[in-house]
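Visitor: Predicted model, plus sequence, below.
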Amino acid sequence: AQRVTQPEKLLSVFKGAPVELKCNYSYSGSPELFWYVQYSRQRLQLLLRHISRESIKGFTADLNKGETSFHLKKPFAQEEDSAMYYCALMTGAQKLVFGQGTRLTINP
Amino acid sequence: GAVVSQHPSWVICKSGTSVKIECRSLDFQATTMFWYRQFPKQSLMLMATSNEGSKATYEQGVEKDKFLINHASLTLSTLTVTSAHPEDSSFYICSAPDRGSSPDTQYFGPGTRLTVL
C-alpha cells in the first residue's frame, strides 16, 4: 500500500536552531517525493522535490531509499518558516498521497 | 508561476441542496485536475481526477453520484456536491499540473470551505 507518514503533528523550535521534519513512505514503485508548505492563510505550494535535489529557502531533503525516508532539514530556523508542512508521494497518473502534515512553529 | 483559482471561497447551504465549486487554471491549460478534501486538522485526501473531455476517475470510497465532476474545457473543472448533508461539510481543494512548464508540479487552488446546515 502507498502511504506517507509524518510522525510529528506539531514541532516547535527556537529561531536559529536546526529543524528536521520527518517523513517516511511506503511505496512499491520508484518513489517521487515532494515537500509542500502552507503558510498562514495561503494556499499549498511546492517547497521542493527530491528529483531536483535543490535547496529552497535553506531547506533540503534527501531521499533515503534504504530507510524509506525523505526528511526535511534546515540548519538555522527563521521565524518566517512557521507553517504547515506536508510530505507527499506521487503515484501513478500524477496522483499525490499526502502525509498528515507537521505544524512547525519557530519561537523568537 | 502557474495560478489556480477556485470559486466560491466559501459557501453555506441547506441540507439537501446541491453546490457547485469551480476550479480554473488561469494562465495555463490543464487537461487534468485533481480534487481533494480536507477535514479539520487532517491531511488532504484525493477524491477524484478530472479529465478534460472524458469521465472523471474516482478514488475508492468516493461516491461518483454524490460528487459530480465536469471538466468541460482546458481551464475549468467543476465539482458539484449533490444533495449535500452536514457530513459533506469540509474544505475542498483542487490542483492542476502545468505540463507546459513543470509536468510533475501540482499548483493548488486556495480551497473552498463548504458548510452544510
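Guide: Received the coordinates, thanks.
Visitor: Next up, phi/psi of the residue of chain A found nearest chain B, please.
Guide: Residue nearest to chain B within chain A: residue A:44 (4.2 Å; C-beta to the nearest C-beta). Every residue, glycine included, has its C-beta placed from N, CA and C. Dihedral angles of residue A:44 (phi, psi; degrees, to the nearest 10) stand at phi -70, psi 140.
Visitor: The lowest-mean-pLDDT helix or strand in chain A pairs with which strands, parallel or anti?
Guide: Sorted by mean pLDDT, DSSP states H and E, the helices and strands of chain A end with strand A:45-49, the least confident at a mean of 91. The strands beside strand A:45-49 in its sheet (DSSP bridges) come out as strand A:32-38 (antiparallel).
Visitor: Which residue is the nearest non-sequential neighbour of the residue of chain A closest to chain B?
Guide: residue B:108 (4.2 Å; C-beta to C-beta, 6 or more residues apart in numbering or on different chains).
Visitor: looking at it, that neighbour is touching residue A:34, isn't it?
Guide: No. Between residue B:108 and residue A:34 there is no contact under C-beta atoms under 8 Å: 11.8 Å.
Visitor: What mean pLDDT does stretch A:53-73 get?
Guide: Stretch A:53-73 carries an average pLDDT of 91.
Visitor: wait, what's in contact with the residue sitting nearest the centre point of chain B?
Guide: Centroid-nearest residue in chain B, with C-alpha atoms, centre = their mean: residue B:35, separated by 3.6 Å. Under the criterion of C-beta atoms under 8 Å, 6 or more residues apart in numbering or on different chains, the contact list for residue B:35 reads B:23, B:46-50, B:67, B:69, B:77, B:79, B:92-94.
Visitor: If anything else comes up later, I'll come back, but that's it for now.
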